[in-house]
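Novice: generate coordinates for the sequence data below:
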Amino acid sequence: MKIKDNLVKILVPVLAILVAFAAGGIIMLCMGKNPFQAYGFLFSGAFGSTRKIAQTLVIACPLIFTGLAASFAYKCGVFNLGGEGQFIMGAVTSIFVSAKLGDAGVFGLLLSLVAGTAAGGLWGAIPGILKITRGLNEIIVSIMLNYVATLFMGYVYTTLLRDGSVPQTVAVADSMKIANISKGFPVHWGIVAAILLAAALYYFIFNTSKGFKLRAVGMNSTAAFFNGFPVNQYILFSFIVSGAIAGLGGSIELHGKQLRLMSGFGAGFGFDGVAIALIAQLNPIGTAVVAFIFAVLRKGASTLQTGMQVPTSVVDIIQALVIIFAVAGTALLRLPAVKQFIINHSQKKEVRG
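Specialist: Model (predicted):
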């Protein structure tokens with residue numbers, strides 16, 4: 001039964017993606033475009049060469065981090081919608097460290113990454129502390145903190161660390177940039193860190209006692225409390241770790257791709273991460289896969305527009321439909337009538353077998 005449940009969890013996002021692509025094809029057909037040719041351009045833009053694949057992976061990197069941040073918090077039953085703010089605060093802290101250290105090499109890079117991770121964790125701790133001490137709604141607090149982080153970043157790149165007359169910060173020193181895997185495959189090592197982190201979180205959540213307790217709190221905090229689990233500690237822990245993951249993502253995005261802060265840095269990554277986590281059924285490995293699919297859509301959108309004169313908004317529609325169908329499919333499977341139907345169907349098959 002467990003194998004069947006896991007299979008269903010995999011099938012829901014897969015079917016959601018296929019149905020969304022089919023719906024996108026119908027939209028393009030109504031526009032007078034050949035959907036098969038259009039999708040050919042889309043995938044060519046994402047996979048057409050080694051360089052394009054590398055660029056797709058670079059786009060996927062921050063999405064993996066914010067997706068993992070949302071997934072980890074949700075596993076404990078709390079809703080961290082502040083991934084964008086934590087991502088930004090990680091980058092803001094890193095640029096301060098980078099500007100202070102200057103040309104500090106690998107040691108400076110590591111110190112900057114640690115500082116960014118810690119800043120994200122501290123920013124994530126704020127809604128956690130307010131929830132367990134004051135009973136405040138973590139959704140509202142974390143969303144509001146996104147705006148605070150964005151405005152603070154604006155203050156940094158327009159005043160404190162402004163680079164001359166241009167509203168952007170000074171750039172990260174060359175010796176503190178995250179290197180590419182190779183010259184022929186220009187994707188920075190941050191993508192490797194993202195994949196390893198996804199694997200580590202999967203192991204922690206599903207193969208350790210603390211991970212079991214964290215999931216138990218997420219499934220039923222009242223039952224967990226009466227079984228002696230320190231519920232408030234796990235809630236705060238989940239917020240801190242979630243924020244630290246997002247903060248590390250922001251720091252890696254700064255040192256690996258953007259290299260400086262400016263208007264628009266980190267915009268949308270937090271809410272995209274929430275959507276990715278939900279589509280992946282809160283599975284860290286699945287989160288990395290779905291983030292890559294989102295990156296494929298984003299990277300191929302420009303080629304689709306150039307080759308077929310299809311507006312990039314069609315890709316946005318496909319992405320939105322993936323979210324809608326995946327969430328709707330998951331909600332449908334949780335309905336008592338649907339659950340009972342699946343159980344009855346499985347029992348009939350076992351009797352026939």
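
Novice: show me where this protein has its strands.
Specialist: 162-163, 166-169 (DSSP state E).

Novice: out of those, deepest packed?
Specialist: strand 166-169 (a mean of 18; mean count of other CB atoms under 10 Å). (Each C-beta comes from the backbone N, C-alpha and C, glycine too.)

Novice: I figured Gly85 hits Leu145, correct?
Specialist: Yes - using CB atoms under 8 Å, Gly85 is in contact with Leu145, at 4.6 Å.

Novice: give me the common contacts of the two.
Specialist: Residues touching both Gly85 and Leu145 (CB atoms under 8 Å, 6 or more residues apart in numbering) are Trp123.

Novice: export the strands of the chain to JSON lines and tack on mean pLDDT and distance to Ala223?
Specialist: Below are these laid out as JSON lines (pLDDT from 0 to 100; distance: least, CB to CB, whole Å):
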{"stretch": "strand 162-163", "mean pLDDT": "91", "distance to Ala223": "53"}
{"stretch": "strand 166-169", "mean pLDDT": "93", "distance to Ala223": "48"}
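
Novice: Val241 is nearest to which of those strands?
Specialist: strand 166-169 (27.6 Å; CB to CB).

Novice: which residues are contacting the closest one?
Specialist: 95, 99, 156-158, 161-163, 260-263.

Novice: repeat that for stretch 10-28.
Specialist: Here stretch 10-28 has contacts from 34-36, 38-39, 279-281, 286, 290, 293, 308, 310, 314-315, 317-319, 321-322, 325-326, 329-330, 333, using CB under 8 Å, 6+ apart.

Novice: buried set for stretch 152-166?
Specialist: Along stretch 152-166, the positions that meet the burial threshold by neighbour count (16 or more other CB atoms under 10 Å) are 153, 156-158, 161.

Novice: and the gap between the spatially most central residue of the chain and Gly24?
Specialist: Centrality entry for the chain: nearest residue to the mean C-alpha point is Gly67, 2.1 Å, by CA atoms, centre = their mean. Going from Gly67 to Gly24 by CB to CB, to the nearest Å gives 22 Å.

Novice: next, Asn220: phi, psi?
Specialist: phi -160, psi 100 (degrees, to the nearest 10).

Novice: for the stretch 51-200 of the chain, what spans make up the helices?
Specialist: 83-101, 105-134, 138-155, 190-207 (DSSP state H, counting those that start in this stretch).

Novice: rewinding a little: could the buried residues of stretch 152-166 go into JSON lines alongside pLDDT and distance to Ala60?
Specialist: Listed next are the buried residues of stretch 152-166 as JSON lines, based on pLDDT from 0 to 100; distance: CB to CB, whole Å:
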{"residue": "Met153", "pLDDT": "97", "distance to Ala60": "23"}
{"residue": "Val156", "pLDDT": "96", "distance to Ala60": "27"}
{"residue": "Tyr157", "pLDDT": "95", "distance to Ala60": "25"}
{"residue": "Thr158", "pLDDT": "94", "distance to Ala60": "30"}
{"residue": "Leu161", "pLDDT": "94", "distance to Ala60": "28"}
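
Novice: could the strands of the chain go into JSON lines alongside distance to Val231?
Specialist: Converted to JSON lines, these look like this (distance: least, CB to CB, whole Å):
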{"stretch": "strand 162-163", "distance to Val231": "45"}
{"stretch": "strand 166-169", "distance to Val231": "41"}
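
Novice: before we move on, back to that, could you flag which of the contacts of stretch 10-28 are buried?
Specialist: Among the contacts of stretch 10-28, those classed as buried by 16+ other CB under 10 Å are 35, 38-39, 279-281, 286, 290, 293, 308, 310, 314-315, 318-319, 321-322, 325-326, 329-330.

Novice: any stretches of the stretch 1-150 of the chain with poor pLDDT?
Specialist: Applying pLDDT under 70 to the stretch 1-150 of the chain flags the ranges 1-6, 8.
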